[in-house]
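S.K.: Requesting a structural model of the entry that follows:
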Amino acid sequence: MAANGTLIGHEGYDRAGDVKQFDDSKIGVKGLVDSGLSSIPRIFIHPPETLQQLNPTTRPDAEPIPTIDLSGHRAAVVDQVSGACRKFGFFQITNHGVPSVVLDRTIAAVKAFHEQPVEAKAPFYRREMGHGVSYLSNVDLYTSKAASWRDTIQVRLGPVPADGDDVPEICREEIAAWNKEIQRLGEEMLGMVSEGLGLPAGKLKEMTCLEGRVMAGHYYPPCPQPDLTVGLTSHSDPGVLTVVLQDHIGGLQVKHGDAWVDVKPVPGALVINVGDLLQIMSNEEYKSVDHRVLANPSDEPRVSIAVFLNPSNREGVFGPLPELVSPEKPALYKEFTFSEFMMRFFTKGLDGKTLVNYYKLCSEVD
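M.R.: Next up is the predicted model:
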């Protein structure tokens with residue numbers, strides 16, 4: 001692709017203009033589907049090198065992502081969490097204490113927001129999070145090679161949550177209730193992750209890693225040409241931990257070794273994954289991994305809700321924790337402020353693990 005947004009070999013195609021036109025319309029992907037289109041607009045068609053990796057999707061002998069029952073003995077559960085963070089960077093949890101009715105209501109509320117008429121959603125359509133609430137299609141719309149088949153509502157949950165009146169009424173109560181559950185569960189998971197590194201349970205919480213919470217309520221409409229696009233491009237999350245509630249449709253995949261592994265929906269389960277910042281802080285004891293969402297081939301929409309746990313101390317200096325650095329294992333990453341880290345994430349677009357690689361120190365020995 002040329003720097004001006006024109007596809008090489010398609011000189012008559014003004015991609016940048018088409019992207020802006022789509023963004024300015026504020027209708028989102030859902031609006032495109034509602035218009036009755038039978039083929040996807042060109043801005044959503046991904047390059048051949050991306051599409052070739054979609055098939056086959058999962059090796060039959062690929063090791064499944066672990067599911068961990070949190071009701072077990074704590075020491076055993078910590079060992080399982082630590083092992084999953086080290087080997088997979090992804091796992092599912094059951095018996096996590098969140099009532100199933102809360103899970104269902106949260107999914108239903110986010111789905112209901114996205115299925116409102118365009119005129120009801122348009123006032124929330126914006127790319128900045130100044131009010132703490134943003135409805136948009138593709139956070140990386142202007143930096144990606146191709147758009148993905150999804151819409152998103154983002155809500156800042158902490159440290160200073162969005163004003164309740166700024167959150168759409170159709171999902172306001174449910175998001176507030178979800179935030180309370182995430183605060184409790186997030187503290188529990190950060191404690192286990194800390195203990196799995198041999199650190200005190202409160203270590204990551206003391207570093208404000210529970211306070212900077214952002215929710216992304218994704219809506220993946222049915223796609224008429226799912227073999228030409230994706231729901232979410234391959235990337236790793238930038239923060240500490242991500243907690244994901246997904247419905248029954250499926251489509252989330254994780255890179256494990258050289259295979260893409262389906263994260264198959266488990267009724268009542270939540271998905272947890274390690275972010276880039278935690279990989280760096282753990283001095284690579286834990287691994288953040290590439291993951292993606294396939295374009296939705298189903299006749300019904302897919303809904304997933306991610307809450308990203310990040311430090312609220314944006315000007316604090318982060319890097320490998322001193323407790324995890326030794327002469328035998330020196331620091332693998334340089335230090336940085338979290339605000340610098342996130343600025344780099346949002347300017348580079350969603351493209352694999354270039355963020356974590358940027359902060360890696362060059363080894364003197366190959």
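
S.K.: Validate this expectation: Val193 resides in a helix.
M.R.: Yes: counting by DSSP: H, G, I helix; E, B strand; the rest coil, one finds Val193 located in a helix.

S.K.: Hmm, Leu185 is touching Val243, no?
M.R.: Yes: between Leu185 and Val243 there is a contact at 6.7 Å, judged by C-beta atoms under 8 Å. Any C-beta I mention is one placed from the backbone N, CA and C, and that applies to glycine too.

S.K.: Those two - which one has more neighbours?
M.R.: Val243 (24 against 19; other C-beta atoms under 10 Å).

S.K.: quick one: contacts for that one?
M.R.: 182, 185-186, 189, 270-272, 306-307, 309 (C-beta atoms under 8 Å, 6 or more residues apart in numbering).

S.K.: ok so, going back, tell me, what's touching Leu185 and Val243 both at once?
M.R.: Leu270.

S.K.: and Asn273, that's in a strand?
M.R.: Yes: counting by three-state DSSP, Asn273 is part of a strand.

S.K.: which residues of the stretch 51-200 of the chain fall in strands?
M.R.: 67-69, 90-94, 133-136, 151-156 (DSSP state E, counting those that start in this stretch).

S.K.: Could I get these in CSV, plus columns for mean neighbour count and distance to Gly31?
M.R.: Below are these laid out as CSV (neighbours: other C-beta atoms under 10 Å; distance: least, C-beta to C-beta, whole Å):
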stretch, mean neighbour count, distance to Gly31
strand 67-69, 17, 36
strand 90-94, 23, 32
strand 133-136, 20, 12
strand 151-156, 24, 9
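
S.K.: In a markdown table, list those strands along with mean pLDDT and distance to Gly257.
M.R.: Shown next, in a markdown table, are the strands of the stretch 51-200 of the chain (pLDDT from 0 to 100; distance: least, C-beta to C-beta, whole Å):
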| stretch | mean pLDDT | distance to Gly257 |
| --- | --- | --- |
| strand 67-69 | 98 | 19 |
| strand 90-94 | 98 | 13 |
| strand 133-136 | 98 | 34 |
| strand 151-156 | 98 | 30 |
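
S.K.: Could I get these in JSON lines, plus columns for distance to Lys329?
M.R.: Shown next, in JSON lines, are the strands of the stretch 51-200 of the chain (distance: least, C-beta to C-beta, whole Å):
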{"stretch": "strand 67-69", "distance to Lys329": "26"}
{"stretch": "strand 90-94", "distance to Lys329": "24"}
{"stretch": "strand 133-136", "distance to Lys329": "40"}
{"stretch": "strand 151-156", "distance to Lys329": "36"}
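
S.K.: Which of the ones you listed sits closest to Ser234?
M.R.: Proximity to Ser234 (C-beta to C-beta) singles out strand 90-94 among the strands of the stretch 51-200 of the chain, at 13.5 Å.

S.K.: And the contacts of the closest one?
M.R.: 65-70, 80-81, 84-85, 189, 254, 263, 266, 268-274, 289, 291.

S.K.: Now it - C-alpha only, CSV.
M.R.: Output of strand 90-94 as CSV, limited to C-alpha atoms (Å, rounded to 0.1, in the frame of the first residue of the first chain):
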residue,chain,number,x,y,z
PHE,A,90,-4.4,-17.2,27.5
PHE,A,91,-6.8,-19.2,29.6
GLN,A,92,-10.4,-19.5,30.6
ILE,A,93,-11.8,-19.4,34.1
THR,A,94,-14.9,-21.0,35.6
